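*Asks:* pasted the sequence and its predicted model underneath.
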Amino acid sequence: MAADSIKAGTAKAGHPALRLANAIGKVIDVVAMTIAIACIVVMFFSLMLEVIVRYVTHTGLGWPNEIPNLLFPWLIMGGIVLAAQRGAHIAAEAIRGFLSPVQLRILMMGIHLLVAVAFAFLAQLSLQVIAITRMQVFPITGLGQSWAYMSMLFGFWGIALSSLVNLVRVAFAADPSAVQHTDPEHMT
């Protein structure tokens, strides 16, 4: 019975590093999904409130017009991190069929490491952008535009962390070609 579940890919990850990576991956997934959904809901209701108030009073509230400027970048970065975590991004698949499992594991681990380093570097650079935009404020809410740019910091660190999680998954997966990140509980 246990062997059948392992063959079917339904056994829980056994290696401690893989269990930790899967737990971190699940947290990244929940945080990114929560950010994306919250942004959609807040933008929708604030803009709907603006429309209702404008229809009833013939004047607007003003601040709902700034909400998409603040939250749309967070929505986009939440989606990007979610895609990176789930392996739902664009990937070149042509070379994978020509590699042995060992070669594929090395290639995928190298790619994940490269992505993690590159996006960690971009996250550090985004701190400069945040510092520059800190003094720029939205006129009605008075919120700094840096709030919108902080989404880059979240997104870049989220992608870097997702890449490290996926590096561990590839390193410990029985078959590196089967690691698609969409269902981390099914990796052995």
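*Replies:* Arrived safely, thanks for sending.
*Asks:* in this structure G155 contacts L82, no?
*Replies:* No: in this structure, G155 is not within contact of L82 by C-beta atoms under 8 Å, at 10.3 Å. No exception for glycine: its C-beta is placed from N, CA and C like everyone else's.
*Asks:* just give me the residue closest to the centre of this structure.
*Replies:* V81 (1.1 Å; C-alpha atoms, centre = their mean).
*Asks:* tell me which element it falls in.
*Replies:* Taking DSSP states H and E as the criterion, V81 maps to helix 67-86.
*Asks:* quick one: mean pLDDT for that helix?
*Replies:* Averaged across helix 67-86, the pLDDT comes to 90.
*Asks:* so what touches that helix?
*Replies:* Helix 67-86 is contacted from outside by 25, 28-29, 31-36, 39-40, 42-43, 46-47, 88-89, 138, 141, 143, 145, 147-149, 151-152, 154-155, 158-159, 162-163, 165-166, 181-182, using C-beta atoms under 8 Å, 6 or more residues apart in numbering.
*Asks:* next, the contact list for the residue lying closest to S177 once chain neighbours are set aside, please.
*Replies:* Using C-beta to C-beta, 6 or more residues apart in numbering and skipping the chain neighbours, the partner closest in space to S177 is L104 (5.7 Å). The contact partners of L104, by C-beta under 8 Å, 6+ apart, come to 96, 176-177.
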